[in-house]
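[1] sequence unknown, structure follows:
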């Protein structure tokens, strides 16, 4: 069978329709095959159009992986990501073409290259408080950002997941949020009361009027369009830079640092890896287990102090009390300058 026919099924049917892969994943896989196909054709001394499934040998794939490291100077992580793209095709072949099952299994048995474990960067409780306090509530988008930052930590959601939240995913009465995660799978999580009140107030009073195309989205930018994943990363970087020293920023990954902080927080509170896995939307428990090996030197008392704050309601936040009631204040500018 021609490899081109197989790849067409892979990208048009298997990834988007059967596996439910995101556009980001599909684009990454396409990049991998743009490198792999010319290499495979040259390896077998044939044209790309002449490649067949039979040409997918373990020797070819290992030679390609070595080429990535030796010639293209790819990191072990990039090498492994390219291998994942090839293995995903092998899974489809094993699933759809039983006659190639043994060949596909041989490819799936190729091991990934071991990498030095990178320390996960996460925010300490007092740092999260500093980030919250760095939000300028004098600006129109200030409350939206304040609400979004709270939600990132409380939910532990990915930036992409927050960007794709719809209004009807939020249930204020039951204090729950539905999140559309990887593989187009939904998960429902319980939110803290404070987060729910912030979201409710944002929707009622501070949400920019969206353009018709984006009226269903929860978070809207100043142009009336849906706030994107890149936009969320930008605003997170902005507030992290305001709140933290430059040296500290080197170990943090914008929006993901809130996600990591939530996992550490849950771990410190004695919740199980399964609970963490379910909240963060990990497909595999192994992705969650990495948090068990982190250096959790901060005292539990600090964590409990933060939990008390995060679970409090808006009425316990004098700064927000005044913001909510600012329509009734005469000297608004004086009050804003005091923030």
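    Nice, I can see it. Everything quoted here is computed from the prediction, not taken from an experiment. Numbers count the residues shown, from 1 in each chain.
[2] contacts for stretch 212-232 next, please.
    140-141, 144, 148, 152, 159-160, 162-170, 199, 203, 207-211, 255 (Cβ atoms under 8 Å, 6 or more residues apart in numbering). Placement of C-beta: from N, CA and C, glycine included.
[3] same thing with stretch 40-51?
    Stretch 40-51 is contacted by residues 2, 3, 4, 37, 38, 55, 56, 60, 63, 64 when judged by Cβ under 8 Å, 6+ apart.
[4] helices along the stretch 151-300 of the chain, start to end?
    Here the stretch 151-300 of the chain has its helices, by DSSP state H, counting those that start in this stretch, at 159-163, 193-201, 229-243, 246-249, 256-268, 273-280, 285-289, 300-310.
[5] by mean pLDDT, flag the weakest helix or strand of the chain.
    helix 332-337 (a mean of 41; mean pLDDT, DSSP states H and E).
[6] centroid residue for this protein?
    Central residue of the chain (Cα atoms, centre = their mean): residue 158, 2.8 Å from the mean position.
[7] for the closest residue to it other than its chain neighbours, what are its contacts?
    Closest residue to residue 158 apart from its sequence neighbours, by Cβ to Cβ, 6 or more residues apart in numbering: residue 259 at 6.6 Å. Shown in contact with residue 259 (Cβ under 8 Å, 6+ apart): 152, 156, 157, 158, 280.
[8] and residue 259, how far from residue 268?
    Distance, residue 259 to residue 268, by Cβ to Cβ, to the nearest Å: 15 Å.
[9] do residue 77 as well
    28 Å.
[10] between these two, which is the more surrounded one?
    For residue 77 and residue 268, the more surrounded residue by other Cβ atoms under 10 Å is residue 268, and the numbers stand at 18 against 11.
[11] contacts for stretch 103-114?
    53-54, 56-58, 61-62, 65, 76, 79-80, 83, 86-87, 90-91, 93-94, 97.
[12] now, of those, which are buried?
    The neighbour count (16 or more other Cβ atoms under 10 Å) marks 53, 56, 61, 65, 79-80, 83, 86-87, 90-91, 93-94 as buried among the contacts of stretch 103-114.
[13] what is the nearest of those to residue 32?
    The nearest member of these to residue 32, counting by Cβ to Cβ, is residue 86 at 7.1 Å.
[14] what's the mean pLDDT across the host helix or strand of residue 103?
    Under the criterion DSSP states H and E, the helix or strand holding residue 103 is helix 101-108. The pLDDT scores in helix 101-108 average 95.
[15] try stretch 166-178
    Across stretch 166-178, pLDDT averages out at 96.
[16] can you give me the end-to-end distance of that stretch?
    9 Å (Cα to Cα, to the nearest Å).
[17] pull the residues that contact that stretch.
    151, 155, 165, 179-180, 186-193, 196, 199-200, 203, 216-218.
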